[in-house]
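Chemist: got a predicted structure plus its sequence, pasted below:
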Amino acid sequence: MNGAVRGAHALALAFACATGSAIAQTAQDAAAVLSRAYAATQSLSYTGTFVFQHGRRSETSRITRRASATGNVERLEILDGTPREVIRTQDGVRCYLPQAQTVKIGHRDATRSFPALLPAQLDELLRHYTVRLGPMDRVAGRACQTVTLQPKDDVRYGYALCADEASGLLLRAITLSETDVPVEQFTFTQLSIGDVRPEAVEPQPATRSWRVEEASVRPADLKAEGWRIDSDLPGFQKIVEVVRVSEARKPVSQVVFSDGLAAVSVFIESARGRTEPMMRGAINMGGINIYVREVEDYVVTVVGETPAASVRRLAEQVRYQRPQ
C-alpha cells in the first residue's frame, strides 16, 4: 500500500469514527431531552390550554397541575362540546359530567396522558425506537427542542416531540403513521409554569347532590380462566391485568400491554344477554385503532395506540379454552 492510499484509508477511517461518535452523541443528547421531559411532568406545577387533533376533529382542553409534598393533583377541563372535567390524583380518577349531574369514580391505570407521555426508564423504549435530536422550534411562544422517535419495526407509530427549552415540559407531541403522516397531535397554545393554588385543582362546587357511579377494580388471572393472550408485538410487555366492575354494565376483563410509550388494551366481556348489535372488525379514531371479534360467547375488543395491523394481530392471538 503506497503512502497516498494509506493516507486516504486513514482519512476515511477517521471520518467514519468521527461520524459514528457524532451520531452516538446526538442520540445521547436526545435521550437526555426525553429524560428531562419526564422529570418535568413529575415535579412541575403548571396551567395551560392545549388542542388535541385527530383526523378532521379537534378538542380544546385546559389542564392545571399542582405538585406538592402531600401528593400531585391534576385537573383537566374539556372546553369543547359536552362539558366534562377530570380530576386525577395518585389514588384515582373522578370524572364530573355536569349535564348528567354524575360523578364517575375510577382507579388510575398505567397508561399516560399529555404532556406526561414518557416513561421513567428509557432503556426498553430505546431498543425499539431510533431517537434523534432535531432543530429548535417555537410552540405557544416558547422555544422548544424537537426530538423524533422513529420505530425500528412496523408494529408501532413514530413520534415527533418538542420539549420546552426552559422547563423541559413537552409542548407538542405528534403521532406519525408508517408513512410519516400525522395521525394525531397534542399542542399547547398557552402555558404558565409556576405555583398553582390548591383551589385551582378542585372540582366545581355544588356536586354533593350528584349521582355517584364507582367502578371497582380487582386483580385477574385470565390464564386460569382459560384465556391465552399473547402480545405477539415485540417490546410490548403486560403491565395490567384486572377485572373492572361497575353498576352500569357487566364485568369487563382488561389486559394492557405497553412498550413504554404506546399502550394496547384487550377488553373481554360476556356476549350473553346482549341486546344491541355488535360492531365487528376494524375501527379507526385518529391515532387509536380498534378491532372487535367474537371468541366463543365473549366479545373481545382490542384498543391500541398502534397501527391497525398491530391491533388486529393482537386481537387474532386471543384464544379461549373452557377450563375443565
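Modeler: Done, it's in.
Chemist: contacts and neighbour counts: CA atoms only from here.
Modeler: Noted.
Chemist: show me the contacts for the spatially most central residue of the chain.
Modeler: Ranked by distance to the mean C-alpha position of the chain (CA atoms, centre = their mean), the top residue is R112 at 4.5 Å. With contact taken as CA atoms under 8 Å, 6 or more residues apart in numbering, R112 is in contact with L118.
Chemist: just the pLDDT at it, thanks.
Modeler: We have a pLDDT of 81 for R112.
Chemist: how about it, phi and psi?
Modeler: With angles defined as degrees, to the nearest 10, R112 shows backbone torsions of phi -120, psi 160.
Chemist: where does this structure dip in pLDDT?
Modeler: Regions of the chain meeting the criterion pLDDT under 70 cover residues 1-25, 110, 205-206, 247-248, 275, 277, 324.
Chemist: got the phi and psi for A39?
Modeler: Given degrees, to the nearest 10, the pair of backbone angles that A39 has is phi -60, psi -40.
Chemist: which residue ranges of the chain form helices?
Modeler: Secondary structure of the chain, counting by DSSP state H: helices at 3-43, 123-126, 308-315.
Chemist: flag every buried residue along the second one.
Modeler: Neighbour counts over helix 123-126 (16 or more other CA atoms under 10 Å) mark 125-126 as buried.
Chemist: one more: stretch 158-178?
Modeler: Of the residues in stretch 158-178, those scored as buried under the neighbour-count criterion (16+ other CA under 10 Å) are 158-165, 168-178.
Chemist: over to that stretch now: how far is its first residue from its last?
Modeler: By CA to CA, to the nearest Å, the extent of stretch 158-178 from end to end equals 7 Å.
Chemist: can you give me the strands in the stretch 201-324 of the chain?
Modeler: Per DSSP state E, counting those that start in this stretch, the stretch 201-324 of the chain has strands spanning 211-214, 216-219, 227-228, 237-246, 249-258, 263-270, 281-285, 288-295, 298-304, 319-320. These are given in chain order.
Chemist: can you list contacts of the second one?
Modeler: Okay, so that is strand 216-219. Here strand 216-219 has contacts from 106-107, 241-246, using CA under 8 Å, 6+ apart.
Chemist: and the two most separated of these?
Modeler: E241 and S246 (16.7 Å; CA to CA).
Chemist: the two: who's more crowded?
Modeler: For the pair E241 and S246, the greater number of neighbours falls to E241 (19 against 16), based on other CA atoms under 10 Å.
Chemist: just give me the neighbour total for the residue lying closest to the more buried one once chain neighbours are set aside.
Modeler: Setting aside the residues directly before and after it, E241 is nearest to V255 in space (CA to CA, 6 or more residues apart in numbering), at 4.5 Å. Residues within reach of V255, counting by other CA under 10 Å, total 20.
Chemist: how near is V255 to Q321?
Modeler: Using CA to CA, one obtains 17 Å as the distance from V255 to Q321.
Chemist: right, and the residue nearest to E241 touches A263 too?
Modeler: No: V255 sits out of contact with A263 when judged by CA atoms under 8 Å, with a separation of 10.3 Å.
Chemist: kindly state the domain boundaries assigned to this protein.
Modeler: What automatic domain parsing lists as the domains of the chain is 12-201, 215-320.
Chemist: could you tell me the end-to-end distance of the last one?
Modeler: Translated: domain 215-320. For domain 215-320, the first-to-last residue distance is 26 Å (CA to CA).
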